[in-house]
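In: okay, here's the prediction I keep looking at, along with the sequence it came from:
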Amino acid sequence: MTSRGGQAMISIQYFEPPAALRLHVSSLYWFETAAPGFSDLMRAELGQIRLPIDGVARNSYKSGKQWEGSGAILQGPTTAPTHYSANTRLRLFGIGLLPLGWAELIGLSADELADNATDLGSVVPPALVSSLMDAVASAPTNAGRCKVVTDFLQARLAANRHAARWFTRLADEWLTASPNPQVDALVAASGMSSRSVERLTHRLYGASPKLLARKYRALGAAVRLGMGDAQGWSDAAGDAFYDQAHFIREFSAFTGLTPARFLAQLAPLTRATMTQRRQLPGLPSLVRIA
């Protein structure tokens, strides 16, 4: 899918992960700009691995932190909109990481990198990262790139299993079963103390249960608006928000735009992401609202 964003034409194509990775990887994608000057606002999102083949990408976080680099980038889950830009032509292969994927493919506690990024080589052996980047860069087709990446991920997965994988299934279901997830329901379903649940969500999701509930409540409303499943703010909000002011405040906190501006100025990457993800039949429910 190709669309115009800022001064540059952008193209993004999504690919469904193989069955062995569907609990770990939200999607695989190839992204490129046809000209320099790309800039876009990314909603709060899951963790990402980005493998730039050409160009230098820059992340600017709400906290004021910035990350710029041309090597393999590991971005933690974000809890606020992130400004993503490049002054050069940019081509990259991306990997969206579900919470279980973060635990078993990365291993780092998610809250250590929430709303921030680092070199992938600081977490994964640098020699493996260098070999991965070379193989992706030399692959002539998207099918070839996907194979290189999935082989890498499956090799990582074979060596790592996380004891709390049951909790990611429970928490993903909690975040998607209702447009207004209640923290007490997650605690009760887990059979653990609220403190133990909070430790796990910080480690696996990069945020507290309360912040996660707010994030996915707002993102779910954004998807309903963006895809035309809701007619106006009240339909998108449902019973999950106190009133219109509460809805606008929460919506803006996680998308960077008011609902009206979101509809009028829907970012090119956001539109492409929403549209193409719906075409992947095996997509986990958490990704459909992320």
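Out: Cool, got the structure. Keep in mind that this is a model prediction, so the values were computed, not measured.

In: does residue 108 touch residue 123 like I think?
Out: Yes. Residue 108 is within contact range of residue 123, at 5.6 Å (criterion: Cβ atoms under 8 Å). (C-beta placed from N, C-alpha, C; glycine too.)

In: hmm, who's touching stretch 187-194?
Out: Applying Cβ atoms under 8 Å, 6 or more residues apart in numbering, the external contacts of stretch 187-194 come out as 167, 170, 174, 183, 196-197, 200, 209.

In: how about the strands in this protein?
Out: 2-5, 8-15, 25-33, 38-42, 47-54, 57-60, 66-69, 73-75, 82-86, 91-97, 117-119 (DSSP state E).

In: picking that back up, can you tell me which of the contacts of stretch 187-194 are in helices?
Out: 167, 170, 174, 183, 196-197, 200, 209 (DSSP state H).

In: could you dump those residues into JSON lines and include neighbour count, pLDDT and distance to residue 98?
Out: As requested, these are exported to JSON lines (neighbours: other Cβ atoms under 10 Å; pLDDT from 0 to 100; distance: Cβ to Cβ, whole Å):
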{"residue": "167", "neighbour count": "23", "pLDDT": "94", "distance to residue 98": "13"}
{"residue": "170", "neighbour count": "16", "pLDDT": "96", "distance to residue 98": "14"}
{"residue": "174", "neighbour count": "21", "pLDDT": "97", "distance to residue 98": "14"}
{"residue": "183", "neighbour count": "17", "pLDDT": "97", "distance to residue 98": "21"}
{"residue": "196", "neighbour count": "13", "pLDDT": "96", "distance to residue 98": "21"}
{"residue": "197", "neighbour count": "22", "pLDDT": "97", "distance to residue 98": "18"}
{"residue": "200", "neighbour count": "21", "pLDDT": "95", "distance to residue 98": "15"}
{"residue": "209", "neighbour count": "25", "pLDDT": "98", "distance to residue 98": "17"}
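
In: reformat those as CSV; add distance to residue 46.
Out: Below are the ones in helices among the contacts of stretch 187-194 laid out as CSV (distance: Cβ to Cβ, whole Å):
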residue, distance to residue 46
167, 16
170, 17
174, 16
183, 20
196, 23
197, 20
200, 17
209, 16
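
In: re earlier: so for residue 261, which of the strands of the chain sits nearest?
Out: strand 38-42 (10.5 Å; Cβ to Cβ).

In: neighbouring strands - and their directions - for that closest one?
Out: Sheet pairing of strand 38-42 (DSSP bridges) gives strand 82-86 (antiparallel).

In: could you give the angle of the partner strand to strand 91-97?
Out: 160 degrees (axes from the mean of the first three to the mean of the last three Cα atoms, to 10 degrees).

In: measure how buried residue 230 is and give me the count.
Out: If you count neighbours by other Cβ atoms under 10 Å, residue 230 ends up with 18.

In: is it true that it touches residue 247?
Out: No. Look at residue 230 against residue 247 with Cβ under 8 Å: they stay out of range, at 11.4 Å.

In: and for these two, which residues touch both?
Out: Common neighbours of residue 230 and residue 247, using Cβ under 8 Å, 6+ apart, are 221, 236.

In: can you pull up the most central residue in the protein?
Out: In the chain, the residue lying closest to the centroid (Cα atoms, centre = their mean) is residue 46, at 2.8 Å.

In: that one touches residue 100, doesn't it?
Out: No. Assessed by Cβ under 8 Å, residue 46 is found out of contact with residue 100, at 11.1 Å.

In: show me where pLDDT drops low in this protein?
Out: Across the chain, the ranges flagged by pLDDT under 70 are 1-8, 266-272, 275-281.

In: quick one, what contacts the nearest residue to residue 152 once chain neighbours are set aside?
Out: Closest residue in space to residue 152, ignoring its immediate chain neighbours: residue 132 at 5.1 Å, by Cβ to Cβ, 6 or more residues apart in numbering. For residue 132, the contact set (Cβ under 8 Å, 6+ apart) comprises 51, 72, 148-149, 152.

In: which residue packs closest to residue 80, ignoring adjacent ones?
Out: Per Cβ to Cβ, 6+ apart, closest to residue 80 is residue 62, 3.9 Å.

In: where's the one you found relative to residue 83, distance?
Out: Distance of residue 62 to residue 83, computed by Cβ to Cβ, to the nearest Å: 9 Å.

In: swap in residue 159?
Out: 35 Å.

In: more neighbours: those two, which one.
Out: Between residue 159 and residue 83, counting by other Cβ under 10 Å, residue 83 is the more crowded of the two (15 against 8).
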